[in-house]
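Peer 1: test case, fold it:
(chains A and B)
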There are 2 protein chains.
Amino acid sequence: MKIITGGVTAAKGFEAAGVEAGIKYKDRKDMAMIYSRTPCVLAGTFTSNVVKAAPVLWDKKVVEESPFGQAVIVNAGIANAGTGREGYSYCERTAAAAAAELGIPESAVLVASTGVIGMQLPIDRIEAGVRELARARKDTLEAGTLAAQAIMTTDTCSKQAAVQIQVGGASVTLGGMCKGSGMIHPNMCTMLGFLTTDAVISKELLTKALREDVADTFNMVSVDGDTSTNDTLLILANGMAENPEILEGTAEYAAFKEALHYVNETLAKMMAGDGEGATALFEVKVIGAAAKQDARLLCKSVVGSSLCKAAIYGHDANWGRFLCALGYSGVSFDPENMELYFESRAGKLLIYKDGASADYSEEEAAEIISQPEVTVIADMKMGTHSATAWGCDLTYDYVKINADYRS
Amino acid sequence: MKIITGGVTAAKGFEAAGVEAGIKYKDRKDMAMIYSRTPCVLAGTFTSNVVKAAPVLWDKKVVEESPFGQAVIVNAGIANAGTGREGYSYCERTAAAAAAELGIPESAVLVASTGVIGMQLPIDRIEAGVRELARARKDTLEAGTLAAQAIMTTDTCSKQAAVQIQVGGASVTLGGMCKGSGMIHPNMCTMLGFLTTDAVISKELLTKALREDVADTFNMVSVDGDTSTNDTLLILANGMAENPEILEGTAEYAAFKEALHYVNETLAKMMAGDGEGATALFEVKVIGAAAKQDARLLCKSVVGSSLCKAAIYGHDANWGRFLCALGYSGVSFDPENMELYFESRAGKLLIYKDGASADYSEEEAAEIISQPEVTVIADMKMGTHSATAWGCDLTYDYVKINADYRS
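Peer 2: The predicted structure follows:
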């Protein structure tokens, strides 16, 4: 597997664009398009929230019923959630506008929105944006970057990743972009993520690979515990790499899953580290758990704890909070027989063992926990299962951003 | 039922004290005692956290095995959690010291601690504090207030409540105190709460009444989603009212439960409104739910949402976040057929219905949500069950308090 530069335009035959459509923001790009020159096999995972945004309802239908997909239209600023039938009709009109511009069926157009809930989209500006996107689209890496910038809301940086693998003599590329920042506690998938690949692979296998990997990547991220109404992760495979079809149980499928995992994990970590107001990426690793699901629950409990997140922000090695959050995860364990470590580029330190504080240096612990990427490791000593979750610290700026968001 | 002034010393035969023992704080009271002149029937509920503080383990044993209880010793500053066998031995020594001073069995002494996890108690100062408490104890309302002040950590005010009911011609009093503020997301009970009553009632019925009521009071409070290692709610009934024994299924039991509910709900709301850094009490009412448990889950999801809490702090009627939090509660409902209201002393406003924004005035909504007590009401239109939860807004000060807590 080779890590390469780029995002959604890294794979063959994919074009992208980002434009200023004036949806809600001023003087910044706020609409993006991904387009494939040929029809794509589609897979997607969506929010588990009972309240699903209109574009989620539309995309679920496209992924489940359409024979193929070929374009994605995204807007930032307004989420098109809590907007009833009017909101859904705007998804239809967006797809119709894109279909007309691109000469593809409406049923091949996916849509995604992110931003404020409850406000209706200015559909005229959306339609004008679609026309401009269709004109501006290009297959360059720069075009992919413009698209990645256009989907940002409170993100402070755009998020892209891409890799290449060899499949039966053909070079297969997989790239993606995502946006995150707030209302991030994905359940079945993330806020908005878009992956493109030129691999030849069936819809069934693509769906399986995506679902399995999301459980260990995007679904292990929490910025604030709020599972959005709009969470959407889509993958489009256009087959232009002309590799022999990737089949289940082969070395090629393993390589494809490794590539998918790299891109998803990279994007998920970028999203966590750029959580609203964050000053640090907060990683939690659980090892030695009795079951995989236990390891996941333990990780997510710690990474989602306001008190643990505030301790990271305060550079305070207050390990009791981490132990406490493991304790209310719902997973049973023996607090007298497990160990806690803090780790970062400044070193690794045993903090807790045998039911009480280990004999560690507070100074050294503070140094470790003051780095921009901090890992807390819990060794449960009950088995061989492990999991990792990613979040960020809880800061004044998180509160500021979210107390002011609509104004 | 008559609401009266006072707390743990309101009922007959109970004495209390609060003293400066220098456990961790300087120049403030940090140890409290509750003492009953006669042996008490005991009941308690404790944290569901797998990591249980040493005093929780001690108290569970006393509540389950001792024939009666007669005193409670509380310290603030150090939680005596994550302290292993050494920590548990300090519970034994605290009980032994109190037993010697008060002339009661060690097995009749309950202990409770709140504060930093992982630090050992300075047992010499604890033992000296016990001696001072025993000398200082009084049956006055002022003594109850001193005790309520001594158990505070980041609380900004002490929390007491008391009521009187008539049982078979006898006047029965029930009073209590609690402390809260941070790491508050009780599960089976709250951080630290102590109730005293002079009622004649069996241990079985007292336990039943307490368990049932906690589900609708303390367990419906969330300050930050962190279920503490130390959550403890104790009730001591010394029988000095000399009422005919309260029996299940009688009008007297109903009156006693009403009294218990009033004291618990009052203390729970005080705790929520005084959450760390809070500027507002945030109440969530769910009505029209299909089942009681659904109503509880829906309430707790909203009251625990960082984004909803930040919206309250920002005086921003951003109803999409409230809808979103209902949606990820795990309870199924139809977002197209339910209603959301905001309510406070400034009025009541329909905000959302039929799947989209209601036609309301943003100015009026902002006025309602800017009050010191704000209620969000969700009418699920699915049945007749309801529940209420209490929390507080998420503020800069919450982050400040928790980023700095140990230093």
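Peer 1: list the contacts for residue A:11?
Peer 2: A:162, A:172, A:173, A:174, A:175, A:196, A:197, A:198, A:238, A:240, A:241 (C-beta atoms under 8 Å, 6 or more residues apart in numbering or on different chains). (Each C-beta comes from the backbone N, C-alpha and C, glycine too.)
Peer 1: distance check, the closest residue to the last one other than its chain neighbours against residue A:210.
Peer 2: Which is residue A:241. Nearest-residue entry for residue A:241: residue A:198, 3.9 Å, with adjacent residues in sequence omitted and distances by C-beta to C-beta, 6 or more residues apart in numbering or on different chains. Separation of residue A:198 from residue A:210 (C-beta to C-beta, to the nearest Å): 16 Å.
Peer 1: and for residue A:345?
Peer 2: Distance from residue A:345 to residue A:210, counting by C-beta to C-beta: 32 Å.
Peer 1: ok so, going back, which one of residue A:198 and residue A:210 has more residues nearby?
Peer 2: Set side by side, residue A:198 and residue A:210 show more neighbours around residue A:198, with 27 against 20, by other C-beta atoms under 10 Å in any protein chain shown.
Peer 1: you'd agree the more buried one is up against residue A:240?
Peer 2: Yes: using C-beta atoms under 8 Å, residue A:198 is in contact with residue A:240, at 4.2 Å.
Peer 1: buried stuff in stretch A:333-348?
Peer 2: For stretch A:333-348, the neighbour count (16 or more other C-beta atoms under 10 Å in any protein chain shown) marks A:333, A:335, A:338, A:339, A:340, A:341, A:342, A:343, A:344, A:346 as buried.
Peer 1: give me phi/psi at the fifth one?
Peer 2: The phi and psi values for residue A:340, taken as degrees, to the nearest 10, are phi -120, psi 140.
Peer 1: so the closest residue to it other than its chain neighbours: helix, strand or coil?
Peer 2: Excluding the flanking residues, the one nearest residue A:340 by C-beta to C-beta, 6+ apart is residue A:352, at 4.0 Å. Using DSSP: H, G, I helix; E, B strand; the rest coil, the structure places residue A:352 in strand.
Peer 1: wait, doesn't residue A:40 sit right on residue A:72?
Peer 2: No: if you go by C-beta under 8 Å, residue A:40 and residue A:72 don't touch, sitting 9.9 Å apart.
Peer 1: mutual contacts of the two, please.
Peer 2: residue A:236.
Peer 1: show me the contacts for residue A:371.
Peer 2: When the contact criterion is C-beta under 8 Å, 6+ apart, the partners of residue A:371 are A:280, A:344, A:345, A:346.
Peer 1: closest to residue B:376 out of those residues?
Peer 2: Set against residue B:376, the nearest of these by C-beta to C-beta is residue A:280 (32.2 Å).
Peer 1: that closest one reaches residue A:392, doesn't it?
Peer 2: Yes: between residue A:280 and residue A:392 there is a contact under C-beta under 8 Å: 6.4 Å.
Peer 1: joint contacts of these two?
Peer 2: Residues touching both residue A:280 and residue A:392 (C-beta under 8 Å, 6+ apart): residue A:273.
Peer 1: and these two? which has more neighbours close in?
Peer 2: Comparing residue A:280 with residue A:392 by other C-beta under 10 Å, the one with more neighbours is residue A:392, at 30 against 23.
Peer 1: ok, now which ones touch that one?
Peer 2: Contacts here follow C-beta under 8 Å, 6+ apart; on that basis residue A:392 touches A:223, A:272, A:273, A:274, A:275, A:277, A:278, A:279, A:280, A:281, A:282, A:309.
Peer 1: now the two most distant members of these.
Peer 2: By the measure C-beta to C-beta, A:274 and A:309 form the most distant pair in these, at 14.6 Å.
Peer 1: between the two, which one's more packed in?
Peer 2: The neighbour comparison of residue A:274 against residue A:309 (other C-beta under 10 Å) goes to residue A:309, with 32 against 23.
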